[in-house]
Each structure stands twice: as C-alpha cells, then as structure tokens.
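Student: Let me see the structure of the following:
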Amino acid sequence: MDQFQTLSLLNLSMIQNGIFTVATFFVLWVAFRMAAQIRGDQGTFLAKVLTSAFGLFVIALGLQVFANRNYALATGAKALTALKAGGQALSIQAESYLAGPYGAVPAELQYSLFSNTSSVAWWGLVTVIFLGVVWMPVKK
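Tutor: Okay, here's the model as predicted:
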C-alpha cells in the first residue's frame, strides 16, 4: 500500500467517524430531552431508571466513537511511519501529519475507550450532567 491509499483510507474512516459523531450527538440530544421531560416529580421511578439506562448507553456509544477516531488516527500514522521506514518518500501532507500529535505512535497499537484523556473527561462531564438532570430534585 502506498501513501495515497493510506491517506485515502484514513480520510474515509474520518468521514465515517464524523457521521457517527453527528448521530451520537443527536441521540444524546434525544436523551437530554427525555431527561427534561421526567425531571422532578413529573417522572416515575421506572421512567427515571429507563431514561438513565438509555443515557448511559448513549454515553458508552460516544466513548466508543471517540476511541475509534483516536485509533484510526494512530493507525494511519503507524502506516505512514512504516512506509517511510520502508524507503518511500512521503509527501508534504504526510510528513506534516506525522509531525502532529498522532505522529508519535507506540510500537504496539491497542484499542482503548480511555486512550484520550480529554474525551474521557468530556463524557464524564456529560454523564454527571445527564444523571443530575434526571435525579436531582427540582427547586420550587
């Protein structure tokens, strides 16, 4: 595989991840709308439990989508590094990609939901806010 194919596959994975990200944020919006409807005394205990479960599944999906993005970026950098080590000359775009934050790839790639600290912090904050909307009492 050459660098054009590698960058094309990376581009396709970023497009796919973008579509999944938009869908995840839409479903997250739906979860927050559900939480707003059952907030306070308006929802039964069962409705709060089911809404919480739905929201937590959406948050888990979001973690997975963000982890897929990080893994695809690291995989692309590893493939470009292998091409460079094999003696192929890389384009300016490929060299600048390797000079960026994903250019320093570990020797062994591992998929992890918690590989990016800012993604984990973001989804942790979303979890706290979501559960707060569902379970915190409403001031009257």
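
Student: mean confidence for the host helix or strand of Trp122?
Tutor: Assigned by DSSP states H and E, Trp122 falls within helix 117-135. Across helix 117-135, pLDDT averages out at 96.

Student: Now that helix: buried residues?
Tutor: Buried residues in helix 117-135, counting neighbours by 16 or more other CB atoms under 10 Å, are found at 119-120, 123, 126-127, 130-131, 133-134. (Glycine included, C-beta is placed from N, CA and C.)

Student: where's stretch 119-135 relative to the chain centroid, distance-wise?
Tutor: Its chain's C-alpha centre and that of stretch 119-135 lie 15 Å apart, by CA atoms, centre = their mean, to the nearest Å.

Student: ok, and what's touching that stretch?
Tutor: Outside stretch 119-135, the residues that touch it by CB atoms under 8 Å, 6 or more residues apart in numbering are 28, 31-32, 35-36, 38-39, 43, 48, 51-52, 55-56, 59, 62-63, 66-67, 70, 113-114.
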